[in-house]
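[1] pasting the sequence and the predicted coordinates here, then a few questions.
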Amino acid sequence: AQKVTQAQTEISVVEKEDVTLDCVYETRDTTYYLFWYKQPPSGELVFLIRRNSFDEQNEISGRYSWNFQKSTSSFNFTITASQVVDSAVYFCALGSRQLTFGSGTQLTVLP
Amino acid sequence: NAGVTQTPKFRVLKTGQSMTLLCAQDMNHEYMYWYRQDPGMGLRLIHYSVGEGTTAKGEVPDGYNVSRLKKQNFLLGLESAAPSQTSVYFCASTLEVVSTQYFGPGTRLTVL
């Protein structure tokens, strides 16, 4: 069985602070994919990143960066210099044949 | 190119009523999924389809049925709605089994 744990239910930061969202996963599959999705207050789900289990390189996209560590089964997401528009629920997901989602982290960025 | 669309966007049902949610995608994707989202629980997979004419159960299939008669459409049915089915329902599609899933805008269903 697959499992994704996002232990941080809610995080609140002040604008321009850096914030890291944690994601820990469990799977017995040797090949799998990890995802992050953003759900803004409007409710839609926005794809952010997809990473396969063979690629442990960290990735940076603008203010977003992801740290994949297979040894600790973690795929953490960092937002640098946070902005109010980053306020959303962020979901981590694990997939091999199906996607398993974590319960999400509500991020609030205060002006 | 509309991506993934869902009909309706909102619906209120009384206990025992039935309804069908429609998901349509215009990306020629093989795989389609229905999820429900409840507060504090993330998204849970209800049913999915790996191609036209196929369906399979996900994590929480009880009380729901699905059909995939056409490749572009995936229908989710509630035969006898219950208050426990009050939720936001999302449809998603993907080209391959572990490709990025693209989500519809969601349907907010309330069962009284």
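    Sure, I can see it.

[2] if the closest residue to B:N73 other than its chain neighbours is in a bridge, with which residues?
    The shortest distance from B:N73 to any non-neighbouring residue, by CB to CB, 6 or more residues apart in numbering or on different chains, is to B:A24 (5.3 Å). C-beta here means a position set from N, CA and C on the backbone, and glycine is covered the same way. Per DSSP bridges, the residues bridged to B:A24 are B:T5, B:N73.

[3] how close does B:A24 sit to B:T5?
    Distance, B:A24 to B:T5, using CB to CB, to the nearest Å: 5 Å.

[4] between these two, tell me which one has more neighbours.
    B:A24 (19 against 14; other CB atoms under 10 Å in any protein chain shown).

[5] give me the distance between the more buried one and A:L107.
    Taking CB to CB, one finds B:A24 at 32 Å from A:L107.

[6] who does the helix or strand of chain A with the lowest mean pLDDT touch, helix- and strand-wise?
    One helix or strand of chain A scores below all others by mean pLDDT, DSSP states H and E: strand A:59-61, with a mean of 85. When contacts are defined as 3 or more CB pairs under 8 Å, 6 or more residues apart in numbering or on different chains; DSSP states H and E, strand A:59-61 packs onto strand A:46-52, strand A:64-69.

[7] nearest to A:G95, out of these?
    strand A:46-52 (8.6 Å; CB to CB).

[8] ranges for the strands of the chain?
    Assuming you mean chain A. In chain A, strands defined by DSSP state E lie at A:3-5, A:10-14, A:19-21, A:24-26, A:33-39, A:46-52, A:59-61, A:64-69, A:74-79, A:88-95, A:99-101, A:105-110, listed in chain order.

[9] that's the wrong chain, I wanted chain B
    B:4-7, B:10-13, B:19-25, B:31-37, B:43-49, B:56-57, B:65-67, B:73-78, B:87-94, B:102-103, B:107-111.

[10] show me the contact partners of the longest one.
    For strand B:87-94, the external contacting residues (CB atoms under 8 Å, 6 or more residues apart in numbering or on different chains) are A:43, A:45, B:4, B:6, B:21, B:23, B:25, B:27, B:29-38, B:43, B:46, B:74, B:76, B:100-104, B:106-109.

[11] could you pick out the buried ones from those residues?
    Taking 16 or more other CB atoms under 10 Å in any protein chain shown as the criterion, what is buried in these is A:45, B:4, B:6, B:21, B:23, B:25, B:29-37, B:43, B:46, B:74, B:76, B:100-104, B:106-107, B:109.

[12] shaky segments in chain B?
    B:1 (pLDDT under 70).

[13] show me which residues of it sit near chain A.
    B:33, B:35, B:40-45, B:48, B:58, B:88, B:90, B:92, B:97-103, B:105-106 (CB under 8 Å from any CB of the partner chain).
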